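Undergrad: Following is a predicted model, sequence given first.
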Amino acid sequence: MRYHHSGKIPQKRHTIFKSENDQFYYEQLFGTEGFHGISSLLYHIHRPTQIKSISKPKDVTPKIAVEKNVTPRMLKGMNVTAENDFLDSRKVLLLNNDLKMGLAKPKKSTEYFYKNAECDELLFIHEGKGTLKTFLGNLEFSVGDYLIIPRGTIYQIEFNDENNVIFFIEAHSPIYTPKRYRNEFGQLLEHSPFCERDIITPTFVEPKDEKGEFTIKVKKENQIWDFVYATHPFDVVGWDGYFYPFKFNIKNFEPITGRVHLPPPIHQTFEAHNFVVCSFVARMYDYHPLAIPAPYNHSNIDSDEVLFYTEGDFMSRNHIDLMDFTLHPGGIVHGPHPGAMERSIGKKFTEEYAVMVDPFRPLKLTEEAMKVEDPSYATSWLENSDNYLGDRSQE
């Protein structure tokens, strides 16, 4: 992350800061890892601590259907149920102790405010447009945007219409750009597949000086509480620091290519504790005269592999639809479907887009996942299988 500031801030931190009407502004440290991690300082019109009431919690613990999995799986995201409410629409499909991931199809904008009090959130916009409104400013979003929302951010989402599909991750650790693409000062290096110009920070919005009853739904430990505060949470007159939401569009990822097939780490976009996120994007195929563009068979001994298919035709897979998830568990060999390797030879370019998540601890499947599973996927590599589509065009 890089230093950013918006609005009005005092010349020196932790000092008296007043409005033109001689009213105190109230400073808040917003950050992680106690006083050691990255942080920002926010300045509020009102004290941000004025709780009027707290509801009984609503339990949203995902229900586990498969605790220990070695089976390759396909989950048909197209069949995930849409819901009016943003939080109700979030269907957790896969999880371990480091993250939860799944699909959301919200129809309505949020009238309440929301804060995830323990997880960073990654929202990938597969379909839809709108505005992410936060106490640090607004981010307009559209198809292909990654929205990275640090834990503790108070936000609302305003959608332009009812057609919205979001692939989401909740991470129990901060989500960063890859350390191997940054120098010791945190700057993205020249050979990084994206740069600071591609990372969009919130647009400052005039603060809301309002009193009343404002509901913030707070999530922690799989419970959601309704906190009612006496003042509007978006009353920030200014802020500065390194801790803030941002967006990055998948089509701003510049692919790394080579003469022969390169492994998935070249697609890495984000990292967190015990998992990475990669972006497969439109790119030239390998250009050695004898190159095989399809990936070679491999077994990720130390990680599961999840792919979410968002645009185009994925070269290495037969019978894949947009919004599908594939899960290849660690230790089990996987590779191109029958016919995919042969079809790839001589191809020069691909228009595929997909998000890959590699967790370094095994994933569990939820009951929501089993509702949308295609059970035929595990045997789809058999050359005499009904799923073998060797003559499928990849043009």
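TA: Right, received. Where do you want to start? Numbers count the residues shown, from 1 in each chain.
Undergrad: pLDDT weak spots in this protein?
TA: By pLDDT under 70, the low-scoring segments of the chain are 315-316, 384-395.
Undergrad: Would you map the helices across it?
TA: Ranges of helices in the chain, per DSSP state H, are 340-344, 367-371.
Undergrad: So which of these is nearest residue 150?
TA: helix 367-371 (25.9 Å; CB to CB). C-beta here means a position set from N, CA and C on the backbone, and glycine is covered the same way.
Undergrad: Which strands or helices does that closest one pack on?
TA: Contacts defined by 3 or more CB pairs under 8 Å, 6 or more residues apart in numbering; DSSP states H and E place helix 367-371 against strand 64-66, strand 90-95.
Undergrad: Now do the buried residues in the first one.
TA: The one in question is strand 64-66. Neighbour counts over strand 64-66 (16 or more other CB atoms under 10 Å) mark residue 66 as buried.
Undergrad: Contacts for it next, please.
TA: Residues from elsewhere that reach strand 64-66, judged by CB atoms under 8 Å, 6 or more residues apart in numbering: 364, 365, 366, 367, 369, 370.
Undergrad: about what we covered before: what's the closest of the helices of the chain to residue 19?
TA: With CB to CB as the criterion, residue 19 lies closest to helix 367-371 of the helices of the chain, at 48.3 Å.
Undergrad: in that closest one, what's buried?
TA: Under 16+ other CB under 10 Å, the buried positions of helix 367-371 are 368, 369.
Undergrad: Who are the contact partners of the one residue sitting closest to the centre of the chain?
TA: What sits nearest the mean C-alpha location of the chain, by CA atoms, centre = their mean, is residue 122, with 2.3 Å. Residues in contact with residue 122 (CB under 8 Å, 6+ apart) are 146, 147, 148, 149, 168, 169, 171, 175, 270, 277.
Undergrad: Please repeat the previous calculation with a cut-off of 10 Å.
TA: 99, 101, 146-149, 166-171, 175, 269-270, 272, 277, 355, 357 (CB atoms under 10 Å, 6 or more residues apart in numbering).
Undergrad: could the helices of the chain go into CSV alongside distance to residue 46?
TA: As requested, the helices of the chain are exported to CSV (distance: least, CB to CB, whole Å):
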stretch, distance to residue 46
helix 340-344, 59
helix 367-371, 40
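Undergrad: quick one, which of those is nearest to residue 229?
TA: Shortest distance between residue 229 and the helices of the chain, using CB to CB, is found for helix 367-371: 31.8 Å.
Undergrad: can you list contacts of that closest one?
TA: The contact list for helix 367-371, computed with CB under 10 Å, 6+ apart, reads 62-66, 69, 73, 75-76, 79-81, 90-95, 102-103, 325, 327, 363.
Undergrad: Let's see that with 8 Å instead.
TA: Outside helix 367-371, the residues that reach it (CB under 8 Å, 6+ apart) are 62-66, 73, 75, 79-80, 91-94, 102.
Undergrad: Weed out the non-buried ones from those residues.
TA: The buried subset of the contacts of helix 367-371 (16+ other CB under 10 Å) comprises 62, 66, 73, 75, 80, 91, 92, 93, 94, 102.
Undergrad: Which residue is the nearest non-sequential neighbour of the fifth one?
TA: Spatial nearest neighbour of residue 80, chain neighbours left out: residue 103 (4.7 Å); criterion: CB to CB, 6 or more residues apart in numbering.
Undergrad: Quick check, that neighbour in contact with residue 169.
TA: No. Contact criterion CB atoms under 8 Å: residue 103 and residue 169 do not qualify, at 11.0 Å.
Undergrad: hmm, which two among the buried ones among the contacts of helix 367-371 are most spread apart?
TA: Taking CB to CB, no two of these sit farther apart than 66 and 80, at 17.4 Å.
Undergrad: quick one, strands of the stretch 101-250 of the chain?
TA: Under the criterion DSSP state E, counting those that start in this stretch, the stretch 101-250 of the chain contains strands at 113-116, 120-127, 130-134, 137-141, 145-149, 154-159, 165-171, 211-220, 223-231, 236-241, 246-249.
Undergrad: Could you check the fifth one and say which residues are buried?
TA: Across strand 145-149, burial judged by 16+ other CB under 10 Å covers 145, 146, 147, 148, 149.
Undergrad: tally of neighbours for residue 165?
TA: The tally of other residues near residue 165 (other CB atoms under 10 Å) stands at 22.
Undergrad: Mind listing the residues bridging to it?
TA: residue 127 (DSSP bridges).
Undergrad: do residue 248 as well
TA: Taking DSSP bridges as the rule, residue 248 bridges to residue 146.
Undergrad: quick one, what contacts residue 47?
TA: 26, 231 are the contacts of residue 47 under CB under 8 Å, 6+ apart.
Undergrad: Kindly recompute the last result at 7 Å.
TA: By CB atoms under 7 Å, 6 or more residues apart in numbering, residue 47 lies in contact with residue 26.
Undergrad: Likewise for the one 10 residues further on?
TA: Contacts of residue 57 were listed using CB under 7 Å, 6+ apart, and they are 223, 224, 225.
Undergrad: Chain neighbours aside, what residue packs nearest to the first one?
TA: In this case it means residue 223. Per CB to CB, 6+ apart, closest to residue 223 is residue 57, 3.8 Å.
Undergrad: quick one on the thing from earlier: so which of the helices and strands packed on helix 367-371 gets nearest residue 33?
TA: strand 90-95 (23.0 Å).
Undergrad: Partner strands of the closest one, with direction?
TA: Strand 90-95 has the following strand partners under DSSP bridges: strand 99-104 (antiparallel), strand 364-366 (antiparallel).
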